[in-house]
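In: Pasted the sequence and its predicted model underneath.
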Amino acid sequence: MESVLFNELNYTLQIGKIRMFIPDSSSKEYIIFEDLAELLNLETNYDAMVFIRNQVKEAGIKGKVRFDSESDCVEIYSTSGKTLLQVTILVNELIDEAFTFANQREYEQFIGSWKRPEKQKWKVGDVFSIPLPNETYFFGQIVELMEDVFPLCVIFDLHLKTVPTKESIDNANILTALMLNGMVFDDYTFKVIFEMEIMGEITENTRRNPVRNVTWSTSHLVDFCMEYKLEEKQEFVEKILANRNFVIEYK
């Protein structure tokens, strides 16, 4: 549905100024995480949560909706996509009185036909996306399974807002390599995009090979992608960057 703004990299629907997360392999709920205090010109997100909760009640929106707030966002949850879509439309109307939503029917059809994905399947050769907080992406490839369990990955020097082509991956240089926990692929934290011939390999196992001896977390990899170009880097960023010395790049 071309009129439905769906981001396949992070499983979100864009409705006006609000982004709605739809059920994935790790969650059965439809969710909104937004800084509504800023959008509604209120002092705190707690104030925004109370305001929205009251407005939802007054609007007579049916279906169970849960609310919570943090310092930086309001959280709204529902197992009903249609219900949360109505809430999302209402929030947009509260932000902008002139807001109209002409393609509500298309969104309802999309939500009605959505099937929650099963645990992601992944293998050597798969290229995957690394989502950053600013809605952009880096990309990597699984090049080996150490002991048939732990994915060894190369990270490309490629920073985009959209899904890359195989040609752009083929032309990208390898930035570094590291070992990850396979769970980040199981739960779609890093989403497989397509499969390609492997672009490089990790040198043979030695006690001094940090790629094969250290497992890094999602947050470490994300921070690395955001900081590796800075003159002053955190120590772990330097360590991950130094892993490049243990990569044989195919060109």
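Out: Now that the structure is in, tell me what you want to look at.
In: Compute the first-to-last residue distance for stretch 171-182.
Out: 26 Å (C-alpha to C-alpha, to the nearest Å).
In: next one: that stretch to chain centre, how far?
Out: Relative to its chain's centre, stretch 171-182 lies at 18 Å (C-alpha atoms, centre = their mean, to the nearest Å).
In: what about it, average pLDDT?
Out: Averaged across stretch 171-182, the pLDDT comes to 95.
In: try stretch 218-231
Out: Stretch 218-231 comes out at a mean pLDDT of 93.
In: Quick check: buried residues in it?
Out: H220, L221, V222, D223, F224, C225, M226, E227, Y228 (16 or more other C-beta atoms under 10 Å). Quick note: C-beta positions are derived from backbone N, CA and C, even for glycine.
In: May I have the beta-bridge partners of F6?
Out: Partner residues in beta bridges with F6, using DSSP bridges, are L13.
In: tell me the pLDDT at the nearest residue to C225 once chain neighbours are set aside?
Out: For C225, ignoring the flanking residues on the chain, the nearest one in space by C-beta to C-beta, 6 or more residues apart in numbering is F138 at 4.4 Å. Confidence at F138, expressed as pLDDT, is 97.
In: Which elements pack onto the helix or strand hosting F138?
Out: Using DSSP states H and E, F138 sits within strand 137-146. With contacts defined as 3 or more C-beta pairs under 8 Å, 6 or more residues apart in numbering; DSSP states H and E, strand 137-146 has these neighbours: strand 126-131, strand 150-160, strand 200-202.
In: State the mean pLDDT of the second one.
Out: I take that to be strand 150-160. According to the model, strand 150-160 has a mean pLDDT of 96.
In: Then the shortest one?
Out: Per-residue pLDDT values over strand 200-202 give a mean of 94.
In: residue ranges of the helices in the stretch 101-250 of the chain, please?
Out: For the stretch 101-250 of the chain, the helices defined by DSSP state H, counting those that start in this stretch occupy 104-113, 166-171, 183-186, 218-227, 235-242.
In: In JSON lines, list the ones you listed along with distance to N7.
Out: JSON lines is the format used below for the helices of the stretch 101-250 of the chain (distance: least, C-beta to C-beta, whole Å):
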{"stretch": "helix 104-113", "distance to N7": "13"}
{"stretch": "helix 166-171", "distance to N7": "19"}
{"stretch": "helix 183-186", "distance to N7": "19"}
{"stretch": "helix 218-227", "distance to N7": "17"}
{"stretch": "helix 235-242", "distance to N7": "27"}
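In: quick one: contacts for the closest residue in space to V124 that isn't next to it in sequence?
Out: In space, and not counting its chain neighbours, V124 is closest to I142: 5.3 Å by C-beta to C-beta, 6+ apart. I142 is in contact with W122, K123, V124, G125, D126, F128, P151, L152, C153, F185, counting by C-beta atoms under 8 Å, 6 or more residues apart in numbering.
In: please redo it, this time with the cut-off set to 6 Å
Out: Each residue near I142 by C-beta atoms under 6 Å, 6 or more residues apart in numbering is listed here: V124, D126, P151, C153.
In: What of S78?
Out: Per C-beta under 6 Å, 6+ apart, neighbours of S78: Y30, V65, L84.
In: one step back: D35: which of the contacts of I142 is nearest?
Out: Distance to D35 across those (C-beta to C-beta) is lowest for C153, with 32.4 Å.
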